[in-house]
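J.: Below: sequence and its predicted model.
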Amino acid sequence: MCCAAQTANERQARQMFDDIYHKVFGSEGATLHYAVNIIGLYKTEGTIWYKGKKSKFIDEKYDAYNDGVNYWRAERKKKEVLVYSMNDEDRDKYASKFKFEPDNYHYSISRDDKGYWITLTAKKGVKGIKEAIVLLDLKHRHPQSIRLKVGIFHTTIKITNFRTGGISDQLFVFDKRRYADYTLVDKRKKS
């Protein structure tokens with residue numbers, strides 16, 4: 001199947017998006033603080049660390065560690081640790097709604113005094129995220145916010161304290177001693 005040639009705007013948008021995407025999910029790693037309010041239904045803020053396929057989340061309700069093999073979620077209120085295989089969609093009720101493949105979108109870019117606005121519009125048939133608008137600052141091209149449209153809902157994720165590199169692999173290792181008084185529930189599927 002032949003595709004239409006990309007415009008200069010589309011190429012620039014995709015190049016800038018790919019650059020920041022690889023900074024966040026690449027081998028050097030990245031960290032950021034986020035705040036999200038999904039139309040008053042779900043509000044949280046926390047800190048995320050990424051490095052390749054590994055991640056760590058700390059928010060108001062739980063700590064989550066993904067060491068590249070297993071996903072550990074420590075729920076503070078319940079004093080319970082749930083462990084899943086890394087790719088198990090059951091580990092997070094929002095995970096399947098926010099799956100993202102960069103090639104599933106059309107890209108465009110604009111600029112104003114606030115920064116670079118990269119708009120991603122889902123190609124026909126793509127499920128989950130229908131549109132994302134990423135704001136990058138003018139000086140460093142670091143993410144400032146992401147506005148997502150999933151179904152009929154829109155939400156904006158505010159991003160602060162973005163930093164790349166210097167992320168140790170040890171950060172993603174679940175420390176069982178720290179949660180010794182929590183109940184461990186193993187949800188990994190046996191094969």
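T.: Yes, it's here. Numbering: from 1, shown residues only.
J.: averaged over its residues, what pLDDT does stretch 48-59 have?
T.: In this model, stretch 48-59 has an average pLDDT of 94.
J.: quick one: secondary structure of Thr47?
T.: strand (DSSP: H, G, I helix; E, B strand; the rest coil).
J.: same deal with Lys23?
T.: Note that with three-state DSSP, the state of Lys23 is helix.
J.: With Glu10 instead?
T.: helix.
J.: try the one 5 residues further on
T.: Counting by three-state DSSP, the backbone at Gln15 sits in helix.
J.: Roughly how far does it sit from Ser145?
T.: Plainly put, Gln15 is 20 Å away from Ser145 if you go by C-beta to C-beta, to the nearest Å. Every residue, glycine included, has its C-beta placed from N, CA and C.
J.: The protein: strands as residue ranges?
T.: With DSSP state E, the ranges of strands along the chain come out as 30-38, 42-51, 54-59, 62-66, 70-75, 80-85, 105-112, 115-122, 129-136, 143-150, 153-164, 183-186.
J.: helices or strands next to the fourth one in the packing?
T.: With contacts defined as 3 or more C-beta pairs under 8 Å, 6 or more residues apart in numbering; DSSP states H and E, strand 62-66 has these neighbours: strand 54-59, strand 70-75.
J.: List the buried residues of the first one.
T.: By neighbour count, with 16 or more other C-beta atoms under 10 Å as the criterion, the buried positions of strand 54-59 are 54-57, 59.
J.: With stretch 36-45 instead?
T.: Result for stretch 36-45 [16+ other C-beta under 10 Å]: buried residues 36, 38.
J.: circling back to that earlier point, who wins for proximity to Ala122 among the helices and strands packed on strand 62-66?
T.: strand 54-59 (23.6 Å; C-beta to C-beta).
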